[in-house]
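Q: Show me the folded form of this:
(one chain, ligands or ions: 1)
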Amino acid sequence: MGKILEYYPISRLTTLRIGGCTRFFAEAESVEELKSLIRQATRSGIPHCIIGRGSNLLASDEGYSGMLLRLKSGQLGRIVKFDGRLSVEASVPTGHFCAFCARNGIGDFEFLCGIPGTIGGAVVMNAGAHGKSVGDFVESVRFLHKNGITISNAQPQFSYRHCQLGGLDVLLSVILHTDGPPVPDEEIRRRQLELRRWRNDHQPIGASAGSIFKNPIGHSAGKLIDDVGLKGYTIGGAQISEMHGNFIINQGNATCKDVLALIELIRGTIRQKFAIELQLEVHYLGISGFENI
Ligand SMILES: Cc1cc2nc3c(=O)[nH]c(=O)nc-3n(C[C@H](O)[C@H](O)[C@H](O)COP(=O)(O)OP(=O)(O)OC[C@H]3O[C@@H](n4cnc5c(N)ncnc54)[C@H](O)[C@@H]3O)c2cc1C
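A: Sure thing, here's the model as predicted:
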């Protein structure tokens, strides 16, 4: 059984590099171990929360009073190809998944290239880019229900950056259908490289959680933020990226409080100027009054 660490800094578990300590942190190497860790947390009366690579998380400066859990990508990191489908474990990093697709002539998932995180996180977030989202390819998922039972062959409902799955505690694996014709691997690599270059040209490289807000219907959140002149605005150590208005960058010493202040400033300004209510894409962790995970 992996070690249970106490008072572990969440800033080390998120791409924004922000967050106080989690009371407990553990990585599970198998489903049995995961269940055992969840049982321990439940018996001790503390909440638990599963995270991937923390690339869509804003964690409180006060930390998290429960047990943060992550799936290790060893035993739990398999990708299996069968009958025009892929079975992928939740802990597989999207980068490994894209490399697997390139090696196997599978062109459907190029859009995932350059999106950080795990396949589990990508399914739960219905991550996407360039007009495609993971949910478009999900045939079924296997997950651990809040009642402790493992459920296979479940079909979630997907909407923009959202996955609806009743009773979801931990997503364990997903079956994806691959519809496209086989593509030569060098062609896939060339297209993946093109997409990476596109990201380098359009997105900042500093510590961030990607897009903070969802795009409102018919609008780009980044363009709205640009239009109100907020690009480059800084509070404490957090800055609205000068390159992309929907990214907030941790310039090195940002706190969650700084980021929340920028979020409120953006929301208030956009509401006032355009009467549009921006919805968060980023998930909050341990932020009181906003416990959305
Ligand atoms: C530079 C940058 C660029 C980005 N570009 C894009 C983009 O183009 N498109 C896009 O959609 N997103 C983008 N993102 C956001 C982010 O990468 C995606 O949302 C990603 O899919 C999150 O995966 P993760 O493993 O890091 O999840 P986390 O951030 O760790 O978790 C996200 C949510 O999923 C839940 N979760 C994670 N794993 C599981 C699991 N196994 N079971 C149950 N719940 C789980 C967590 O509790 C949390 O609520 C970007 C982020 C960055 C930093």
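
Q: Quick one: distance of the lowest-mean-pLDDT helix or strand in the chain to the chain centre.
A: The helix or strand of the chain with the lowest confidence, counting by mean pLDDT, DSSP states H and E, is helix 185-202 at a mean of 91. The chain centre lies 21 Å from the centre of helix 185-202; the measure is CA atoms, centre = their mean, to the nearest Å.

Q: again, but for stretch 63-71
A: 15 Å.

Q: contact partners of it?
A: 4, 8, 10, 13, 19-28, 34, 37-38, 40-41, 46-52, 89-91, 118, 120, 170, 172, 285-286 (CB atoms under 8 Å, 6 or more residues apart in numbering). Backbone N, C-alpha and C define where each C-beta goes, glycine included.

Q: Narrow those residues to those in helices?
A: 34, 37-38, 40-41, 120 (DSSP state H).

Q: near the ligand, from those?
A: G120 (CB under 6 Å from any ligand atom).

Q: Out of the ones in helices among the contacts of stretch 63-71, who's the most crowded?
A: Ranked by the number of neighbours (other CB atoms under 10 Å), those place G120 first, at 27 neighbours.

Q: mind checking pLDDT for it?
A: pLDDT for G120: 97.

Q: so it makes contact with A90?
A: Yes - with contact defined as CB atoms under 8 Å, G120 reaches A90; the gap is 2.8 Å.

Q: Quickly list what's touching both of these two.
A: 52, 71, 170-172, 174.

Q: Flag every residue of the protein that's near the ligand.
A: Going by CB under 6 Å from any ligand atom, the residues of the chain near the ligand are 15, 49-57, 90, 115-118, 120-122, 124-125, 127-129, 170-171, 203, 208-210, 283, 293.

Q: which among those end up buried?
A: 15, 49-57, 90, 115-118, 120-122, 124-125, 127-128, 170-171, 203, 208-210, 283 (16 or more other CB atoms under 10 Å).

Q: From those residues, which land in strands?
A: 49-51, 57, 128, 170-171, 283 (DSSP state E).

Q: what's the farthest-apart pair in those?
A: Using CB to CB, the pair of those lying farthest apart is C49 and G128, separated by 23.4 Å.

Q: what number of residues lie near the closest residue to G114 other than its chain neighbours?
A: Once flanking residues are discounted, G114 sits nearest to R199: 4.4 Å by CB to CB, 6 or more residues apart in numbering. R199 is flanked by 14 other residues according to other CB under 10 Å.

Q: R199 is in contact with F111, isn't it?
A: No - R199 lies out of contact with F111 (CB under 8 Å); the separation is 11.3 Å.

Q: What ranges does the stretch 151-293 of the chain have for its strands?
A: 157-159, 162-164, 168-177, 234-235, 238-240, 248-250, 283-285 (DSSP state E, counting those that start in this stretch).

Q: circling back to that earlier point, and the least confident helix or strand of the chain, C-alpha only, in PDB?
A: C-alpha atoms of helix 185-202 as PDB (Å, rounded to 0.1, in the frame of the first residue of the first chain):
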ATOM      1  CA  ASP A 185       1.800   7.600 -37.800                       C
ATOM      2  CA  GLU A 186       4.200  10.200 -39.300                       C
ATOM      3  CA  GLU A 187       1.100  12.100 -40.500                       C
ATOM      4  CA  ILE A 188      -0.400  12.000 -36.900                       C
ATOM      5  CA  ARG A 189       2.900  13.200 -35.400                       C
ATOM      6  CA  ARG A 190       3.000  16.100 -38.000                       C
ATOM      7  CA  ARG A 191      -0.600  17.100 -37.100                       C
ATOM      8  CA  GLN A 192       0.100  16.800 -33.300                       C
ATOM      9  CA  LEU A 193       3.200  19.000 -33.700                       C
ATOM     10  CA  GLU A 194       1.100  21.600 -35.600                       C
ATOM     11  CA  LEU A 195      -1.400  21.700 -32.800                       C
ATOM     12  CA  ARG A 196       1.400  22.100 -30.200                       C
ATOM     13  CA  ARG A 197       2.800  25.000 -32.200                       C
ATOM     14  CA  TRP A 198      -0.700  26.500 -32.400                       C
ATOM     15  CA  ARG A 199      -0.900  26.300 -28.600                       C
ATOM     16  CA  ASN A 200       2.600  27.900 -28.200                       C
ATOM     17  CA  ASP A 201       1.400  30.800 -30.400                       C
ATOM     18  CA  HIS A 202      -1.900  31.300 -28.700                       C
END
